[in-house]
Every structure is written in structure tokens, then in C-alpha cells.
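In: Only the shape, not the letters, is given here:
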């Protein structure tokens, strides 16, 4: 049996979680998910200013904290922290190791970046059509900022097999991070679909960190103990493909069939076809059992052959947006917010500003649930203590969005009474980096594994 | 036959994939699952999210988990970074669906 922990569900997750995973109990592998699509363009800007930047710096700081434990107990790390500069990330980790006096092998898995090859691919008839809309990539070719294929678990397993203790990747399928150690440890082959599917299900279960150990859990949420000290998930994997999800003894949160089911259903499509680069897992074959306190056992998982494609994530510049808000208090909070909305729309109209979209929502009334929550009625409206008018605009034209940001604050003095909530100043204009999902034949992508210091 | 809110019979989690929101609905007890299958149809979910879900609704059954998974197409104002919504990832669609009134007879 091997223990594989998740210590980071997304870039921006708890800085303490990975440290706790290493220090609070037994462990063989620590996996960390730093992938955040929206940060891609930020990373690129960082790299263009500084050739040594452009990766998840948090990861290097974390390694500096736990490296003595990792070395002493031979815990391996798999992290998609490489960003647009995996080599620099590797160098930074090696530097930390040297400074602390440790001799550690660090690998990078690359080959996911296809940005420089886009025109060649398009010229050869690889259309990279949008998976959702069917549009050809040529529609936004000039706006593309990055293009990466999601690699599978086998190159990561190969890096572990070559002695790397820390494996740094960028675009690798989330579920592959936990699957890779199983492939490496148990010698699973590329056509053992049931085992690979089980590993992918394990990976999916833990990839969002505490979301399977009691965080964001609706089932009996008020009785979940000690969320302040919530334990992140650990997979106890067996060579036959069965596994248990648990957490370190003494940590907070809760691992139950209910908490695990919520995570299993998170961001999935057709449950019979959970597609990963390594296999297609059938979620309708998963059997769950509460096998003890904070321990759920998974058995019976079936898989099918992988598809001939990798998924590709392409980011592109898609104009500008800004969001502003105004707080209206009782009495007539909702009516006043509605009135302010009408006035604002009239002013934008008079200014002749063109937007691709103007969206207004009323927080405190029905912003989240829309019609399912219904309009505030004559009976409920007078009870609302406050309502927040939230307005967003989107446009290709930056100047129009800039101009919009000047129209929020004046409403405090020249609109309906009484406005609060302007402390943060004018809304900020954001560049929109949108995403274009596509498929690429696997033969067009060659994953590369590099281990440092080199084996020779 | 009695009308009850779905939240009494089920819990849920929702998320996004581009402009598609998914809502997983899980029976609180095994005996509730057939009620979910009968009552919470794709058509009713589409109606429930009128004005929010502008595309089709697909439903998938997971009897092994006592759960249903719904895909709500064109439901996130373009999705991800394009969306101007307060909830661009549809995280609250889980509880929005649990507001549904259903007939709970077995």
C-alpha cells in the first residue's frame, strides 16, 4: 500500500496544507495542483520581465519549508507548478536544496507547450476546433496567448522511475498527478484500463484538496468537526486498483461516503465517460463503503481504452471587463438598487458607449439563484436590510470599459438614496483571457522527461 | 402525495466547464434515489433554471452512488473569465436546484 496526499487544490489554496500533510502522519507521495488557467497570462508577463520567473513561486517556498522531512522520509513530490518556465522552477528548487545541504533529484515533464507550433499544426490540417462551439481556431488565432496539451500520468511515472524525488510539470491532467505514483510503484501498464481508471478516480477525488474531506460539504455541514484544522485528503492505494480515501489522524474535517460523493460529482460530464489522457473511467462502476472513521473504500472501478487525443487548453485575449457595486440599505433597498440600475443604463446609453454585454445583479435579493429564488415580492421586499447592485460590462474597446468605471461612484451623490460600499474606489479594468478547449491527436505531442542532476 | 423541497431529500455540488454548469444531486438515503429519478427530470430542471440555462439540460444516472448528474448548457454567461456574473462558475447552482418542489411519495 502507498499513501498519496493532495496538499493543494488550486493555486491560491492553503499555504499550510502541504506542510501539514508532510508533518502530521505517514506519507509516500505529496501531489500539488497549482494549475490555474487565469494565471497563465500573468506568468507570461512575469517571464517576459524576468527570464527566471513565470512559475508557481509558492511551490519553491513550500519546498524550502519541508525539504528536510521529504529527504529524511523519502517522500516524493509531484506538482504542476512549472508554469511557462518549468526549467526555472527546477533551478529554484535545486538552489533551495543546495542551500539547505541536500542532494535531491528534480525532474521536469515538458512537451505540453504547443504555442510555437500552432501555425504549423493549422497548416497541416490540425484544426484545433473549439470543443464546445465547433469554431475553427483561425477565428481567434491572432489573439492566442498560450496553448498547452494536457499530458497524462506516464511521463510523470517515468520521471519517478528515473529516481526523481521532485517532479515538476505544467499542463498535466489533474487526476494524473495521483495516478502517476501508482503506475510507478505498481508497474501498471498502459493497457490495464481498470487499474488506470481506478487511479484516475482516486486522482479526481483528491484533486480539489479539502473538498472531499469536509470542506464545501453540504451533507450535515454544521456538524463537521474542526474545519479550522481541516485535514487534506490521502489516497491509500493498493496494487489491485482498490483504494481508500482518508486523512491524517487528529486533523479536522470529515471523510464520509457523502463527502466523497460530492467531490466525485464535481465538474464531471457524462459519468460513464470520464476522459483522461490515460484511460476513460466509468464512474457508474464505483462502489463506496465507509470502512472506518474518516475512511472511505473504493472498489469495482472499470475503465476503457484512452482516446486518440489530448485535450488542449488555449488561452486568448478576449477584450476587457469591469465590475462595480453599490450598496443600498433599508428602506426600499431593492427598489432603490433597481432605480440606480435604470439610471446607470440610461447614462451609459447617452454616452453612446457600446458593450458586448452589460449585466446587472442584485446581491441579497436573487443574484445567485435567479428565477429559482424568485423576485423579491411585496411581502419580502420591505424586509431586505440591504441590497447590492452589481454591474459588469464587457467590451473589445478598453476606452468604453474605462469610461464605465467613472459612472459608478457619482451615483452615490446623484442617484437614489442611500449608497455605501464605495471604499475600494473605482472599479478596475481587467483584460479578459478566455479559454478555448480543443483536441489534438496524441502523435502530435511528445512528452519529455528531464532529470537533474542528470543520471550520468 | 406531499410536496417537499428537494433539499430535504438530497444534497448537491455544482461546478463549471466553460459555459456548461454541472449539478450533481445525491440522495440523502438510498430509498430517495428512485424519487429523484422520477421527479427531477431534465425537463423540470430546464424549467427551474429558466432565464439562467439558455441551452439544453442533459441528465445522467449514477445508481451506484444514488445520484444524478445534470449538465446545464449555456448557463454561465459565456463561462469562466468572460462571465460578468457574481457566480461565474455556477457554484451556487447546487442549492438553487435543491429549492425545487417535488412529490415525495414512494
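Out: It's in. Just so we're clear, the structure is a prediction, and the values are computed from it rather than from any experiment.
In: all strands in the stretch 351-456 of chain A, in order from the N-terminus.
Out: In the stretch 351-456 of chain A, strands defined by DSSP state E, counting those that start in this stretch lie at A:357-363, A:386-395, A:419-420, A:430-441, A:448-452, listed in chain order.
In: How about chain B?
Out: Remark: strands assigned in chain B by DSSP state E are B:3-5, B:10-17, B:20-27, B:57-62, B:67-72, B:101-103.
In: Residues of the stretch 351-456 of chain A that sit close to chain B?
Out: Applying C-beta under 8 Å from any C-beta of the partner chain, we find that the stretch 351-456 of chain A lies next to chain B at A:357, A:359, A:361, A:363, A:367-373, A:390, A:392-394, A:432-435, A:437. Placement of C-beta: from N, CA and C, glycine included.
In: Residue A:127 in helix, strand or coil?
Out: coil (DSSP: H, G, I helix; E, B strand; the rest coil).
In: Could you report the distance from it to residue B:72?
Out: Distance, residue A:127 to residue B:72, by C-beta to C-beta, to the nearest Å: 27 Å.
In: The two: which has the busier surroundings?
Out: Of the pair residue A:127 and residue B:72, residue B:72 is the one with more neighbours under other C-beta atoms under 10 Å in any protein chain shown, namely 28 against 15.
In: Surely that one is in contact with residue B:53?
Out: Yes. Here residue B:72 reaches residue B:53: they are 4.3 Å apart, a contact under C-beta atoms under 8 Å.
In: okay, and the common contacts of those two?
Out: Common contacts of residue B:72 and residue B:53 (C-beta atoms under 8 Å, 6 or more residues apart in numbering or on different chains): B:21, B:45.
In: By proximity to chain A, which residue of chain B wins?
Out: Chain A sits closest to residue B:24 of chain B, with a gap of 2.5 Å, by C-beta to the nearest C-beta.
In: Might you report the residue contacts of residue A:335?
Out: Contact partners of residue A:335, counting by C-beta under 8 Å, 6+ apart, are residue A:381.
In: Can you name the helix or strand that the residue of the stretch 101-250 of chain A found nearest chain B falls in?
Out: Residue nearest to chain B within the stretch 101-250 of chain A: residue A:218 (4.1 Å; C-beta to the nearest C-beta). Assigned by DSSP states H and E, residue A:218 belongs to no helix or strand.
In: Apart from its chain neighbours, what residue comes closest to it?
Out: Once flanking residues are discounted, residue A:218 sits nearest to residue B:11: 4.1 Å by C-beta to C-beta, 6 or more residues apart in numbering or on different chains.
In: And for residue A:421?
Out: Counting by C-beta to C-beta, 6+ apart, the nearest residue to residue A:421 once its immediate chain neighbours are dropped is residue A:327, at 3.4 Å.
In: Ramachandran angles for residue A:166?
Out: Torsion angles at residue A:166 (phi, psi; degrees, to the nearest 10) stand at phi -130, psi 120.
In: Now for it, how many residues are close by?
Out: By other C-beta under 10 Å, 28 other residues sit near residue A:166.
In: Could you list the low-pLDDT ranges of the stretch 351-456 of chain A?
Out: A:423, A:455-456 (pLDDT under 70).
In: If the closest residue to chain B within it is in a bridge, with which residues?
Out: As assessed by C-beta to the nearest C-beta, chain B sits closest to residue A:392 within the stretch 351-456 of chain A, at 3.0 Å. Beta-bridge pairing for residue A:392 (DSSP bridges): residue A:323, residue A:359.
In: residues contacting it?
Out: Contacts of residue A:392 by C-beta under 8 Å, 6+ apart are A:321, A:322, A:323, A:324, A:357, A:358, A:359, A:360, B:84, B:85.
In: Also residue A:342?
Out: Not one residue lies near residue A:342 by C-beta under 8 Å, 6+ apart.
In: Helix, strand, or coil at it?
Out: helix.
In: How many neighbouring residues does the residue nearest to the residue of chain B closest to chain A when sequence neighbours are not counted have?
Out: Distances taken as C-beta to C-beta, 6+ apart put residue A:265 closest to residue B:24, at 2.5 Å, once the chain neighbours are dropped. Using other C-beta under 10 Å, residue A:265 has 27 other residues around it.
In: re earlier: measure the residue of the stretch 351-456 of chain A closest to chain B to residue B:64 for me?
Out: Computed as C-beta to C-beta, the residue A:392 to residue B:64 distance reads 41 Å.
In: again with residue B:104
Out: Noted for residue B:104: a distance of 23 Å to residue B:64, by C-beta to C-beta.
In: same deal with residue A:99?
Out: 50 Å.
In: With neighbour numbers in mind, choose between the two.
Out: Higher neighbour count among residue A:99 and residue B:64: residue B:64, with 15 against 10, using other C-beta under 10 Å.
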